[in-house]
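Enquirer: Pasting the sequence and the predicted coordinates here, then a few questions.
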Amino acid sequence: MNVHVAAFNKTDPGLCSSRFTMVDLESTGGDPDQVLNWLIQYAGQLGNRPVVIPTSDTFALMLAQHRDRLLEVCRIWNTSYDQLNTIVSKERLYAVAEKSGVPVVPMIVAPGPEQLAGWCRKHPEPYFVKPYYEAVPGCALGMKNRIFDTSAELLDYVD
């Protein structure tokens, strides 16, 4: 199988492999519009409508959002943008799971400090913090996921 990998930074481990055809897209900065235009052109040149598998929520949503344009040159899943957004959004996913009777871990989304303190009193630590998207400009978390061992640590971080 011929695998083509789009790398968005020089530290991508795939760049060290001779098993893939690597395409350096660092110059796009991961901009979804530039990546979409590149993908349409690249997949069209490959022919035979290659299968495209995204490796992040951002690009999975981009593919779903532009499904009609992409189907001419490549194959992607049938999940609609709204369905995929429900899966990607932990708040929506948990709401659907709870409505269906599936147990979920307690969660809170974008609370204020007082609301968070009350929530922490009801839910024991540790606490897992996950931003909506990786590498969101201005995200103060500084990493994709973070665990706080105590409510004091979490509340200090929020303050």
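Expert: Nice, I can see it.
Enquirer: Let me know the distance separating the residue most central in space within the chain from Asn85.
Expert: Geometric centre of the chain, nearest residue: Asp57, 2.4 Å, by C-alpha atoms, centre = their mean. Asp57 sits 9 Å away from Asn85, going by C-beta to C-beta, to the nearest Å. All C-beta atoms are positioned from the backbone trio N, CA, C, and that covers glycine.
Enquirer: Could you list the low-pLDDT ranges of the chain?
Expert: Applying pLDDT under 70 to the chain picks out residues 14-15, 131-144.
Enquirer: pretty sure the residue nearest to the centre of the chain contacts Val88?
Expert: Yes - between Asp57 and Val88 there is a contact at 4.6 Å, judged by C-beta atoms under 8 Å.
Enquirer: Please report phi then psi for the residue nearest to the centre of the chain.
Expert: phi -60, psi -40 (degrees, to the nearest 10).
Enquirer: What separation do you get for it and Gln45?
Expert: 27 Å.
Enquirer: Look up how far Leu39 lies from the residue lying closest to Arg146 once chain neighbours are set aside.
Expert: Taking C-beta to C-beta, 6 or more residues apart in numbering, and ignoring the residues beside it in sequence, Arg146 has Val129 as its nearest neighbour in space, at 4.8 Å. Counting by C-beta to C-beta, the separation of Val129 from Leu39 is 32 Å.
Enquirer: Name the residue in those two with the higher neighbour count.
Expert: Leu39 (23 against 14; other C-beta atoms under 10 Å).
Enquirer: show me what contacts the more buried one?
Expert: Ala6, Val52, Leu70, Val73, Cys74 (C-beta atoms under 8 Å, 6 or more residues apart in numbering).
Enquirer: Return the set of buried residues in whichever strand or helix holds it.
Expert: Element membership for Leu39 (DSSP states H and E) is helix 32-46. Across helix 32-46, burial judged by 16 or more other C-beta atoms under 10 Å covers Val35, Leu36, Trp38, Leu39, Ile40, Tyr42, Ala43.
Enquirer: Adding distance to Ser18, write the residues you listed out as JSON lines.
Expert: Listed next are the buried residues of helix 32-46 as JSON lines, based on distance: C-beta to C-beta, whole Å:
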{"residue": "Val35", "distance to Ser18": "24"}
{"residue": "Leu36", "distance to Ser18": "28"}
{"residue": "Trp38", "distance to Ser18": "23"}
{"residue": "Leu39", "distance to Ser18": "23"}
{"residue": "Ile40", "distance to Ser18": "27"}
{"residue": "Tyr42", "distance to Ser18": "20"}
{"residue": "Ala43", "distance to Ser18": "22"}
